[in-house]
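*Asks:* Build me a structure from this.
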Amino acid sequence: MTKTKTPPRCTTTGTAKKQSIAKSSNCILSLPRAAVKLAITADLVLLLAALGSLNIPATLAALLALNLLCGLYPKEADK
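*Replies:* Model (predicted):
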């Protein structure tokens, strides 16, 4: 019985590895960006609750906080 040689496996070059890492890292959010996204979601829930109960001061506070957080989100995306 003779053993046949298997061809060597195709290994990726350095450029291909960098491209595959760049592709996979698009899905991973940085921690500050994820925190801002979570804060925006929590603020939207607060805004809906304030609107539902017709609480004017809480509605205004939620809108001001949402304005601040929506300004932070693009800044975190640029980093």
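
*Asks:* now residue 64: how far from residue 56?
*Replies:* Distance of residue 64 to residue 56, given as C-beta to C-beta, to the nearest Å: 13 Å. Any C-beta I mention is one placed from the backbone N, CA and C, and that applies to glycine too.

*Asks:* Can you tell me, leaving aside adjacent residues, what's nearest to residue 63?
*Replies:* Spatial nearest neighbour of residue 63, chain neighbours left out: residue 47 (6.7 Å); criterion: C-beta to C-beta, 6 or more residues apart in numbering.

*Asks:* no, scratch that, I was asking about residue 69
*Replies:* Excluding the flanking residues, the one nearest residue 69 by C-beta to C-beta, 6+ apart is residue 40, at 4.8 Å.

*Asks:* next SSE after the helix or strand harbouring that neighbour?
*Replies:* Using DSSP states H and E, residue 40 maps to helix 31-52. Along the chain past helix 31-52, the next helix or strand (assigned with DSSP H and E) turns out to be helix 56-78.

*Asks:* Please identify the buried residues of that following helix?
*Replies:* By neighbour count on 16 or more other C-beta atoms under 10 Å, the buried set for helix 56-78 is 59, 62, 65, 66, 69, 72, 76.

*Asks:* List the residues that contact the fifth one.
*Replies:* If you count contacts by C-beta atoms under 8 Å, 6 or more residues apart in numbering, residue 69 has them with 36, 39, 40, 43.

*Asks:* how about those in TSV, adding pLDDT, distance to residue 52 and neighbour count?
*Replies:* Output for these, formatted as TSV (pLDDT from 0 to 100; distance: C-beta to C-beta, whole Å; neighbours: other C-beta atoms under 10 Å):
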residue	pLDDT	distance to residue 52	neighbour count
36	85	25	21
39	90	20	16
40	90	19	17
43	93	15	20
